[in-house]
Structures are given as structure tokens and as C-alpha cells.
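Novice: sequence? don't have it. structure:
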């Protein structure tokens, strides 16, 4: 599937910010699941590009002059594979690193017991599907019910959340079972049921020597509807935009994400949003 993506993020401040630093994980990599045909990231200033420990492309943007607005715009075209694809280890961390606890995806006793109860014996892929289904029954999809800093344990106890929370609970459940798992951020070609920004998880299959992407929210293995941006232990490692600033009170944030199957559809969605 060929996906066309537009992602605009605009921060505005009533009082000027004296200094801002933004870490941007907004540039995907080509791999067995996707081929990046065209990708442009537009920012103020001149961000520094590097590769982080997880293998993600990260741009660090530093603004040292007073400013009242930061605008980040992504436009890209990606060819994705329709069939679920097993991803190799790659040049990031060892899969064993993703067994360790992390701030937002640490299994507590409730999650550990839940994982043991809902991970059946039998083929690994069937068991992961069963676990995804159980997570979605336990943590119902409810937009606006959680914040980005909610932990897996908090979302599990609350019983509702968004795709980020469902991915965190799944990752924590896998870790409780001794299965390396990591958080994935990216984009979803959607019919409108869920936001175009999305989160899911990778589970390491030791016997197949690869990562299997699990779209927890949709209870299926990842397919051509998804474009991967970044991976990490949890959202804190893989969030598309994270930053700090000095000053800049009265912040407002506008985010617009369009994922479509043609450039025309992207333009139409942008025009509709402006009306």
C-alpha cells in the first residue's frame, strides 16, 4: 500500500519562550515492512541529526532566540507491505534490553497475573493474538481518558485508555512473561475510527529470530495500514516530539495528521480542516 502522510505540529506562546530544545523522532527508516519513497521534515533553524540507541533517526532542534511559535511539518510518501513482516534485530539494542522495566511499561502484580492468565499454550503467534484481545477487553479504547505520562499499571487499573495505553499494557504483559517487547510509534491509514497517529508494539520471537509487530488496538499483526516512525522501551523513548523550554507561558498546541492513499486525498483533508 502506498501511503501519503502530512503531519503538522504548531506550538504557540502568549509570552515568548527564551529557549527551546525539541527532540524529533519524525523520520522513518526503510526496512522489510516499508520503503520510504519521499520524506521531508521542515523546522525552524537547523536541527542536528543522529541515531539513538534504539536505531531511530532523531533530530535535535535548539532555538536560542526569543520565539512565540514553533512549526514542525512532515510530508512523506511510503510504500508499505500488506502482509505482516518479521523484522530482523537490526542495528539497535539487543532484544534482551527490552525485557527490562521502563518508566511507562513496567508490569505490576496485576499485569503479571493477567498476562499469565491470558497467554495460552500453543503456537506463539496465536498466543500473542489472544493476549492482544485480552488487553483490549481489559483496557477499553476511550479517547481523552488518559494523559501521555500514564503508566501501563495506571491504565490497566483504570480499565480504559488509548492506543498508547493498550500498547504499554501489552508490552508490560510480554515482559512479565519473559518475552522482549518494545513500543512503536507511527501512523495509521484509518477510516476515521481512530486517530491517524498510532502506537503499537513489537514482540520478539526467539524461535524465528525476529520482531513481530502487534497492532494491539486492532487486535491483529501489523500490516500495510501502518507506517513505523520509532521504537523504544516505551513512549518516552519513541514519542514523535518531546522537548523542554524556558519561558513561553500561555502555550497552545495544534496537531494535524493526515494519512491517505493518494496526494489528492491529503489535499482534500487539509482543505476540509481549514474550513
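Specialist: Right, received. Where do you want to start? All of these numbers come straight from a predicted model, not from anything done at the bench. Residues are numbered from 1 along each chain as shown.

Novice: who's residue 12 bridged to?
Specialist: Taking DSSP bridges as the rule, residue 12 bridges to residue 69, residue 252.

Novice: neighbours of it, how many?
Specialist: Neighbourhood size, residue 12 [other Cβ atoms under 10 Å]: 15. C-betas here are computed from N, CA, C, even on glycine.

Novice: surely it and residue 252 touch.
Specialist: Yes: counting by Cβ atoms under 8 Å, residue 12 does reach residue 252; the two are 4.8 Å apart.

Novice: what ranges do the strands span in the stretch 151-275 of the chain?
Specialist: 160-161, 181-188, 197-205, 210-215, 220-221, 226-232, 241-247, 251-260 (DSSP state E, counting those that start in this stretch).

Novice: now do the same contact list for residue 178.
Specialist: For residue 178, the contact set (Cβ atoms under 8 Å, 6 or more residues apart in numbering) comprises residue 99.

Novice: tell me the confidence at it?
Specialist: Residue 178 carries a pLDDT value of 98.

Novice: tell me the bridge partners for residue 8.
Specialist: Assigned bridge partners for residue 8, using DSSP bridges, are residue 73, residue 256.

Novice: hmm, it is touching residue 71, no?
Specialist: Yes: the pair residue 8 / residue 71 is scored as a contact, 7.2 Å apart, by Cβ under 8 Å.

Novice: neighbour count for those two, which is higher?
Specialist: The neighbour count for residue 8 versus residue 71, taken as other Cβ under 10 Å, is higher for residue 8 (17 against 13).

Novice: show the contacting residues for that one.
Specialist: Listed by Cβ under 8 Å, 6+ apart, the contact partners of residue 8 are 71-74, 254-257.

Novice: same check, this time on residue 196
Specialist: Applying Cβ under 8 Å, 6+ apart, the residues near residue 196 are 187-190, 257-259.

Novice: can you say which of the strands of the stretch 151-275 of the chain is nearest to residue 270?
Specialist: Of all those, strand 251-260 sits nearest to residue 270, with 6.4 Å by Cβ to Cβ.
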